[in-house]
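Participant: this is a predicted model, with the sequence first.
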Amino acid sequence: RVAQPAEVFPLPGKITPARHDGRMRAVTRDGLSFDVVEHGPPDGDPVLLLHGFPQRASSWAGVAARLAARGYRCVAPDQRGYSPRARPDDVRAYAADELVADALAVLDATVADQGGPSGRAHLVGHDWGALVAWRLAARHPDRLRSLTAVSVPPPAALGAAMRTSGQALRLWYVLAIQPPGLVERIYRAGGRPFSPRFAAALRGIGQSAAAAERDAAGMADPAALTGALNWYRAIRFTRSAADPPVEVPTLFVWSDGDPATGAPAALRAGEHVAAPFRFVELRGVSHWIPDEAPGVLAELVGRHAAAHPG
């Protein structure tokens, strides 16, 4: 079903990113070690937060702090390619099923720590993290209480929009990323704290100067940039079988200033959900919703989680 936004929020301009001051830990899977940041009470209902490109767990700081104040335990990993000890060389290692398995490993470690009876969590993903979240929710609904996807609809919705609208033009950069080493040469930091050219590119697609410098600094290590870009380069190795409809209560949050995801794709998200579904549009916000509108996003996630405690 194609759904119009259930609510529309007009929002003010950009804000300074929140400080990243949670508890640090590590989760291992298949010989890889993932850096994980936690906010909130250790016995709170778990919320797993998955970041996108080219960000890290730090992009969730503003949202996580607000959810933690409501009693949720927020768990945000630096994902494959971003965590220094989780950067395999083989591009195939970044296929979607591996990314989902990483997220499940973090979820397993979280619920094992709590000894909870359900073994389930609320899942929130932004950008690439949303794509991982959609697949995890579709294939492992028994592991989740709710899903919140931010900015990016299911892959099938993107594909349909690419065939019927200008969505393909919005994703031109995916092809530009494919040649090995090309983007790394263009955006190398050259020993500096961050690449000014990369920071400028992020500002050009809506990021604030502070957030752009933060994320560009995270990519100053050439290995980190290659690891992050390998998510795009592994698309051709991802199994093409369509995911089943999501059978988890789902909230989709999209912003009208998003240069990567157009309205035709966003409006098709509900077609791939066979459960309670809500679509919220944020007005005056770019692609970087967790940084630009952490208060509104945390409120939406908190309401959604409270309505579906599992």
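Facilitator: Cool, got the structure.
Participant: what about the strands in the stretch 1-150 of the chain?
Facilitator: Taking DSSP state E, counting those that start in this stretch to define them, one finds strands in the stretch 1-150 of the chain at 7-10, 23-29, 32-39, 46-50, 73-77, 121-126, 144-150.
Participant: settle this for me: residue 281 is touching residue 258, isn't it.
Facilitator: No: under the contact definition of C-beta atoms under 8 Å, residue 281 does not touch residue 258, with a separation of 10.1 Å. C-beta coordinates here come from the backbone N, C-alpha and C atoms, glycine included.
Participant: anything in contact with each of the two?
Facilitator: residue 266 (C-beta atoms under 8 Å, 6 or more residues apart in numbering).
Participant: more neighbours, these two?
Facilitator: Each of residue 281 and residue 258 has its neighbours counted (other C-beta atoms under 10 Å); residue 258 has more, 23 against 19.
Participant: nearest residue to the more buried one in space, please, no chain neighbours.
Facilitator: Nearest residue to residue 258, sequence neighbours excluded (C-beta to C-beta, 6 or more residues apart in numbering): residue 287, at 4.5 Å.
Participant: please enumerate the helices of this structure.
Facilitator: Ranges of helices in the chain, per DSSP state H, are 61-69, 96-114, 128-139, 155-164, 167-170, 172-177, 182-186, 196-204, 209-218, 222-233, 263-266, 289-292, 294-307.
Participant: so which of those is nearest residue 75?
Facilitator: Across these, residue 75 has its closest neighbour in helix 96-114 (5.0 Å, C-beta to C-beta).
Participant: helices and strands around the closest one, which ones?
Facilitator: strand 23-29, strand 32-39, strand 46-50, strand 73-77, strand 121-126, helix 128-139 (3 or more C-beta pairs under 8 Å, 6 or more residues apart in numbering; DSSP states H and E).
Participant: rebuild those as a markdown table, extending it with mean neighbour count, mean pLDDT and distance to residue 154.
Facilitator: Below are those laid out as a markdown table (neighbours: other C-beta atoms under 10 Å; pLDDT from 0 to 100; distance: least, C-beta to C-beta, whole Å):
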| stretch | mean neighbour count | mean pLDDT | distance to residue 154 |
| --- | --- | --- | --- |
| strand 23-29 | 14 | 95 | 25 |
| strand 32-39 | 20 | 97 | 25 |
| strand 46-50 | 28 | 97 | 15 |
| strand 73-77 | 28 | 97 | 22 |
| strand 121-126 | 29 | 98 | 11 |
| helix 128-139 | 26 | 98 | 5 |
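Participant: burial measure for residue 144, as a count.
Facilitator: 24.
Participant: how about residue 162?
Facilitator: Neighbours of residue 162 using other C-beta under 10 Å come to 17.
Participant: closest to residue 35 out of the helices of the chain?
Facilitator: helix 96-114 (10.5 Å).
Participant: for that closest one, buried residues please.
Facilitator: 96, 98-100, 102-107, 109-111, 114 (16 or more other C-beta atoms under 10 Å).
Participant: keeping just the C-alphas, turn that helix into CSV.
Facilitator: Provided in CSV are the C-alpha atoms of helix 96-114 (Å, rounded to 0.1, in the frame of the first residue of the first chain):
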residue,chain,number,x,y,z
ALA,A,96,24.2,-7.4,3.0
ASP,A,97,23.8,-10.8,4.7
GLU,A,98,27.1,-10.3,6.6
LEU,A,99,26.0,-6.8,7.7
VAL,A,100,22.8,-8.3,9.1
ALA,A,101,24.7,-11.0,10.8
ASP,A,102,26.9,-8.4,12.5
ALA,A,103,23.8,-6.5,13.8
LEU,A,104,22.3,-9.8,15.1
ALA,A,105,25.6,-10.5,16.9
VAL,A,106,25.4,-7.1,18.7
LEU,A,107,21.7,-7.8,19.5
ASP,A,108,22.6,-11.2,20.9
ALA,A,109,25.3,-9.8,23.1
THR,A,110,23.0,-7.1,24.3
VAL,A,111,20.1,-9.4,25.4
ALA,A,112,22.5,-11.9,26.8
ASP,A,113,23.9,-9.3,29.1
GLN,A,114,20.4,-8.4,30.3
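Participant: low-confidence ranges, the stretch 201-310 of the chain, go.
Facilitator: 240-241 (pLDDT under 70).
Participant: give me that answer again for 90
Facilitator: The model of the stretch 201-310 of the chain has pLDDT under 90 over residues 237-242, 310.
Participant: check contacts around the closest residue to residue 97 other than its chain neighbours.
Facilitator: Nearest residue to residue 97, sequence neighbours excluded (C-beta to C-beta, 6+ apart): residue 239, at 6.7 Å. By C-beta under 8 Å, 6+ apart, the contact list for residue 239 reads 95-97.
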